[in-house]
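*Asks:* Generate a structure from the sequence data that follows.
(one chain, ligands or ions: 1)
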Amino acid sequence: MEISIQKNADQNHHPCNSIRHGDWVVFKCPLCPDYERRINWRTKEVSVKGSTPEILHNGEHLPDEYLHALTATN
Ligand SMILES: [Zn+2]
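*Replies:* Below is the predicted model of the structure:
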């Protein structure tokens, strides 16, 4: 038997796509055209557009492994 609460939680949790633009990693949500989060992996600077408090977006924290992978490619 499925639990409906879980389904509601999933609706407020959006997985984001990450794209690298030079020093910036840009997270975009396929469900929110206005949402964009940029993280500069050199300076750790973060810039967010179109964020809503009701929705949790994946990619709000850049994992250390990801940073290591990015720095290793340069
Ligand atoms: Zn979203």
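*Asks:* Just to check, K49 is in contact with E36?
*Replies:* Yes - using CB atoms under 8 Å, K49 is in contact with E36, at 4.5 Å. Yep, even glycine has a C-beta here, placed from its N, CA and C like the rest.
*Asks:* Of these two, which one has the most company?
*Replies:* More neighbours surround E36 than the other of K49 and E36, with 16 against 9 (other CB atoms under 10 Å).
*Asks:* check contacts around the more buried one.
*Replies:* Residues in contact with E36 (CB atoms under 8 Å, 6 or more residues apart in numbering) are 26-28, 48-50.
*Asks:* ok, now with 6 Å
*Replies:* Listed by CB atoms under 6 Å, 6 or more residues apart in numbering, the contact partners of E36 are 28, 49.
*Asks:* Could you list everything it pairs with in the sheet?
*Replies:* With DSSP bridges applied, E36 shows beta-bridge pairing to K28, K49.
*Asks:* From W24, how far out is it?
*Replies:* Separation of E36 from W24 (CB to CB, to the nearest Å): 11 Å.
*Asks:* anything in contact with each of the two?
*Replies:* Counting by CB under 6 Å, 6+ apart, nothing touches both E36 and W24.
*Asks:* What score does R37 have for pLDDT?
*Replies:* For R37, the pLDDT comes out at 92.
*Asks:* tally of neighbours for the residue nearest to it when sequence neighbours are not counted?
*Replies:* Excluding the flanking residues, the one nearest R37 by CB to CB, 6 or more residues apart in numbering is F27, at 4.4 Å. Neighbour count of F27, defined by other CB under 10 Å: 20.
*Asks:* same thing with C32?
*Replies:* With other CB under 10 Å as criterion, C32 counts 15.
*Asks:* So for it, what pLDDT did the model give?
*Replies:* At C32, pLDDT is 94.
*Asks:* What of E2?
*Replies:* At E2, pLDDT is 62.
*Asks:* Q6 now?
*Replies:* For Q6, pLDDT reads 53.
*Asks:* show me the contacts for L31.
*Replies:* Contacts of L31 (CB under 6 Å, 6+ apart): H14.
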